[in-house]
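K.L.:
this one's sequence-less:
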């Protein structure tokens with residue numbers, strides 16, 4: 001199909017960022033209760049979604065009353081408890097998606113494709129009455145249409161999250177989008193590991209999604225791991241369209257992943273710079289667009305972190321620290337999700353982060369529990385790792401949150417719908 005290309009106006013990117021000084025001394029501790037739901041397993045899959053007698057008031061109960069509800073517990077993930085009214089808007093491909101390129105200006109010092117940045121984006125819409133505007137839920141990350149991880153074209157919903165959102169939340173009047181960060185998929189430029197170019201591209205895509213004539217102007221970002229770090233990046237700009245973010249085991253900064261308690265992890269010299277640095281380099285004539293300074297600076301910074309505990313020169317880490325700028329500029333809400341047995345993105349990314357958000361007037365909710373680097377509602381994946389020890393297996397299956405999709409629906413209804 002023919003591609004559409006759009007231009008987006010960008011906020012100025014600031015490289016000025018302070019490294020995290022206050023995490024260890026956060027002033028107010030949030031009382032976290034890990035509420036485990038009493039779950040009854042039964043043949044509820046068909047009956048729940050078609051309960052004509054169940055009102056929204058009966059389903060949308062306080063969290064401490066959810067144990068009385070008959071959630072669907074015999075599937076591969078959680079399910080909403082309410083049936084939506086809308087089908088998907090049909091398009092000219094089998095996935096009912098639409099693909100566009102969003103153009104934006106890159107600072108010339110970024111090298112690569114600068115100044116002509118281009119972001120690859122696919123979206124799905126509900127078939128609503130003419131003139132009806134809908135909010136957008138979006139996932140931004142490096143894994144769409146990426147040969148390095150053997151994923152299909154970005155027009156295909158991601159099996160890890162996108163298909164769930166389309167099946168369960170789109171019928172309630174939400175559009176959904178998948179966005180490739182710079183240097184991945186069909187987005188041009190370099191994979192600069194969450195640097196300025198990526199941050200600007202994410203901000204441009206948020207602005208595009210919020211400014212379409214079918215959009216109500218309210219955008220949410222959601223994702224896990226790398227895709228859970230991009231919401232923090234976008235929130236730094238104070239974008240008027242970004243109303244809420246749902247980071248799941250995401251990074252508040254790249255340095256914070258590499259260091260714990262003052263020590264550099266052994267993976268610091270090569271992890272991420274080596275892994276993600278290969279994205280976008282596939283031996284074709286477009287590889288010239290991947291010649292960026294950060295491809296040299298990044299690995300060097302990782303090595304210096306491992307050897308001396310800090311970077312020798314430059315602002316590589318400061319450019320990739322998000323939390324201070326989020327607190328300074330963001331006016332939306334945060335639904336922060338973290339496995340307390342996460343061996344990859346350590347829980348210190350979430351606590352005391354949530355304390356700092358609340359202390360600075362940002363509406364924030366935390367869902368923290370005894371699972372590892374995963375979504376909170378995936379019984380098969382969590383079961384497969386339950387016998388490994390130290391990854392939440394000791395709490396399996398009680399820690400599985402089968403109420404999570406219903407919780408997301410209620411969250412998005414509150415923050416995204418006018």
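P.N.:
Structure received. Note that the coordinates shown come from a computational prediction; the quantities given were computed from them, not determined experimentally.
K.L.:
Please give the number of neighbouring residues around residue 262.
P.N.:
6 (other CB atoms under 10 Å). Heads up, the C-betas are built off the backbone N, CA and C, glycines and all.
K.L.:
And it, what's its pLDDT?
P.N.:
Note on residue 262: pLDDT of 71.
K.L.:
Pull up the gap between it and residue 352, please.
P.N.:
Between residue 262 and residue 352 the computed distance is 17 Å (CB to CB, to the nearest Å).
K.L.:
same question, residue 217
P.N.:
Spatial separation of residue 217 from residue 352 under the definition CB to CB is 32 Å.
K.L.:
who has more neighbours, those two?
P.N.:
Neighbours around residue 217 and residue 352, counted as other CB under 10 Å, are more numerous at residue 352. The numbers are 19 against 16.
K.L.:
looking at it, residue 141 is touching residue 227, isn't it?
P.N.:
Yes - with contact defined as CB atoms under 8 Å, residue 141 and residue 227 form a contacting pair (3.5 Å).
K.L.:
Looking at those two, which one has more neighbours?
P.N.:
Legend: neighbour count by other CB under 10 Å for residue 141 and residue 227, higher for residue 227 (27 against 23).
K.L.:
How about the secondary structure of that one?
P.N.:
State at residue 227, reduced to three classes by DSSP: H, G, I helix; E, B strand; the rest coil: helix.
K.L.:
chain center to stretch 114-123, what's the gap?
P.N.:
18 Å (CA atoms, centre = their mean, to the nearest Å).
K.L.:
Pull out the buried positions in stretch 129-141.
P.N.:
Applying a neighbour-count criterion of 16 or more other CB atoms under 10 Å, one finds 134-141 buried in stretch 129-141.
K.L.:
could I get those as TSV with pLDDT, distance to residue 267 and secondary structure?
P.N.:
TSV is the format used below for these (pLDDT from 0 to 100; distance: CB to CB, whole Å; DSSP: H, G, I helix; E, B strand; the rest coil):
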residue	pLDDT	distance to residue 267	secondary structure
134	99	41	strand
135	99	38	strand
136	99	35	strand
137	99	32	strand
138	99	29	strand
139	99	25	strand
140	99	24	strand
141	97	20	strand
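K.L.:
Return the closest of those residues with respect to residue 98.
P.N.:
residue 136 (12.6 Å; CB to CB).
K.L.:
Any idea what the closest one is bridged to?
P.N.:
Assessed by DSSP bridges, residue 136 has beta-bridge partners residue 175, residue 219.
K.L.:
for the one 4 residues further on, same thing?
P.N.:
Using DSSP bridges, the beta-bridge partners of residue 140 come out as residue 179.
K.L.:
That one against residue 235, yeah?
P.N.:
No - here residue 140 lies out of contact with residue 235, judged by CB under 8 Å, at a distance of 11.8 Å.
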